[in-house]
Structure formats: structure tokens, C-alpha cells
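*Asks:* next one to model:
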Amino acid sequence: QIVHDNGGLVYMDGANLNAQVGFTSPATIGADVCHINLHKTFAIPHGGGGPGMGPICVAKRLAPYLPGHPLVKTGGGKAIPAVASTPWGSSSIMVVSYGYIRMLGAAGLTEATRYAILNANYLKSKLEKHYPVLYRGKNGRVAHEFILDLRPLKQSTGVEAEDVAKRLMDYGFHAPTVSFPVPGTLMIEPTESESKAELDRVADALIAIRNEIQEIEDGKADPTDNVLKNAPHTALTALSERWNHPYTRYKAVYPLQYLRHRKFWPSVGRINNSYGDRNIMCACPPIESYAEENV
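*Replies:* The predicted structure follows:
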């Protein structure tokens, strides 16, 4: 309201729709513009699964300014010509979201929101005994995601959010969002789709990692040569003839017992992110390697 009273507009990140469907809406809470993350809320593939899709919704007073298109009659009367958008986006994947919405219906979509919020609070309740949690509501609850604050651990042990993210790979998990929206944190969103068994497995991994950090705090582990700073550990590393670390290979690759039977091995070890960002090099084979020999 303060923004509106001073002539401003409010843009809401559609990522937050996971905690709203069936209960409220961007317009109800005062947003003027919102994109809908179909990969996050309405079931389309994410990452390597295909192109993204984010329909833009606006308040009625902004509808005249929706972008136009040079070939298709679309947009508002005061449309700005399209820069990089198309009238219907990646229309083929819209069918996935359409089917998801039709199959669940209003009641099912609302139930999915309930589970997204429930799962986040369940995981938060298990982890808050081990990590500080940022941004809770007045009842101590969170919405569909929560933030673990690792900054105090960096001060006491030198362990950073990136180290925890890389160590999670040794436990078989892709890292959650790192250092966003707060630097030095992990933002975890379990979604409505994961089983309780999987949520427990995530919690067990993060609790075990916290115990590994405690070993550094207690002086039982080297502050610079430890399972977190060297994570992730590949199969090649574990099988190498030389092992110069103060911890065992077993501790590196099998930190929990079940991993002996269900292990997803990281394909690469620790990389230098900063160097990679500053020295972008194509890792593709040379064009000549694609040439076919005459038969």
C-alpha cells in the first residue's frame, strides 16, 4: 500500500505462488504484475527438461501496455513491440500445465498448496534444532520454503554455504538455492511432491553435515582439509592410490549407512567457480571432430 500510495507498482515473483494457489492470489495481496513459474507451480519440466515458460499476469490498469508482436495481433492498445517474447510462449508445454490443472481441479490444487506448506514446515521443524532459520511468521511457521542461515558457522569454522551445498552431493542430493535471497544461506523448498521418507532423508543428511561442522568447531577435524572443504568426492577420488586427507575414504563417500547400498556418485569434484566465471571456455569437441569421413 505504501508503494501504491507513492505512485509505484508492485511486481511479485511467481515463485511464491506455490503457497497461494487455492488460498489467495497476487491481486488479493496487492501485486500489479506477476509471472507464473509453470516449472515450479504447474508441473512442467525444470532445467534440462526443456524450455521454461512464465506467463505474465497484470492488473487491469496495466493491460493496455502488454507487449505486442510484429506478426500476430496481440497485446494492448499501448503495446510496446516485443523484444524477446512470443504471444503464446513455448505453447507445446502449456499442455502439461493445462492437463495438471484439469486433473487436479480446484480442490486438488488447493490440496497441493497445503502439502507444499506442510512439507516445508515439517522439514523446518526437524532442522531448526541444528541451524538458525530466517524469516518465520508470528506463529513460528514458514510458507512453502525456508532459509537456513549458515553465516554464524562461517565465522566459527570457515564453512560456507557452498561447502554445505557441495557436501550434499556426497549424500546424493542436488543442492538447494545457495546464497539467495540472502548471501551465505540455503533456501530449501521441498514442494508438495516429495514423500515423508524423502524429506526425512534430506533432514538426516543436513543433520549429519551439521555434525561434521561440529567436529571442526571441536577441533576434531582440520579446518581446511575436511569432508566439507573437499566435497564432493567422486568414485575416482575414492579409488585413487594416494589419499592424503586426515579423514578416511569411507567417511568421505559413505557418511550415512544407507549410502553403501544407495549411492549416487558425483561426476566431478570441487571446481573453482570464480575462475570458471572469469574464464569461460567452450568444452565442446572441435568442429572438425564432427566431420564424416568419405566412404
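
*Asks:* for the residue nearest to residue 33 when sequence neighbours are not counted, what are phi and psi?
*Replies:* Here the nearest residue to residue 33 in space, its sequence neighbours aside, is residue 11; by C-beta to C-beta, 6 or more residues apart in numbering that works out to 4.6 Å. (C-beta placed from N, C-alpha, C; glycine too.) The main-chain torsion angles of residue 11 are listed as degrees, to the nearest 10 and equal phi -110, psi 120.

*Asks:* isn't residue 11 up against residue 26?
*Replies:* No - the criterion here is C-beta atoms under 8 Å, and residue 11 misses it with residue 26 at 9.6 Å.

*Asks:* which residues are common contacts for the two?
*Replies:* Taking C-beta atoms under 8 Å, 6 or more residues apart in numbering as the criterion, residue 11 and residue 26 both touch residue 34.

*Asks:* end to end on stretch 179-186, go ahead and measure it.
*Replies:* The stretch stretch 179-186 measures 6 Å between its terminal residues, going by C-alpha to C-alpha, to the nearest Å.

*Asks:* just give me how far it sits from the chain centre.
*Replies:* 11 Å (C-alpha atoms, centre = their mean, to the nearest Å).

*Asks:* can we start the residue count at 52 from this point?
*Replies:* Done: numbering now begins at 52, and the last item shifts to stretch 230-237.

*Asks:* pull out the buried residues from it.
*Replies:* By neighbour count, and taking 16 or more other C-beta atoms under 10 Å as the criterion, the buried residues in stretch 230-237 are 233, 235-237.

*Asks:* export these to a markdown table and append columns for secondary structure, distance to residue 304 and pLDDT.
*Replies:* A markdown table is the format used below for these (DSSP: H, G, I helix; E, B strand; the rest coil; distance: C-beta to C-beta, whole Å; pLDDT from 0 to 100):
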| residue | secondary structure | distance to residue 304 | pLDDT |
| --- | --- | --- | --- |
| 233 | coil | 31 | 96 |
| 235 | coil | 27 | 97 |
| 236 | strand | 27 | 98 |
| 237 | strand | 22 | 98 |
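
*Asks:* which one of those is nearest to residue 276?
*Replies:* Closest approach between the buried residues of stretch 230-237 and residue 276, by C-beta to C-beta: residue 235, at 22.0 Å.

*Asks:* the helices in the stretch 52-201 of the chain, which residues?
*Replies:* Assignment of helices within the stretch 52-201 of the chain using DSSP state H, counting those that start in this stretch yields the ranges 53-56, 89-92, 142-178.
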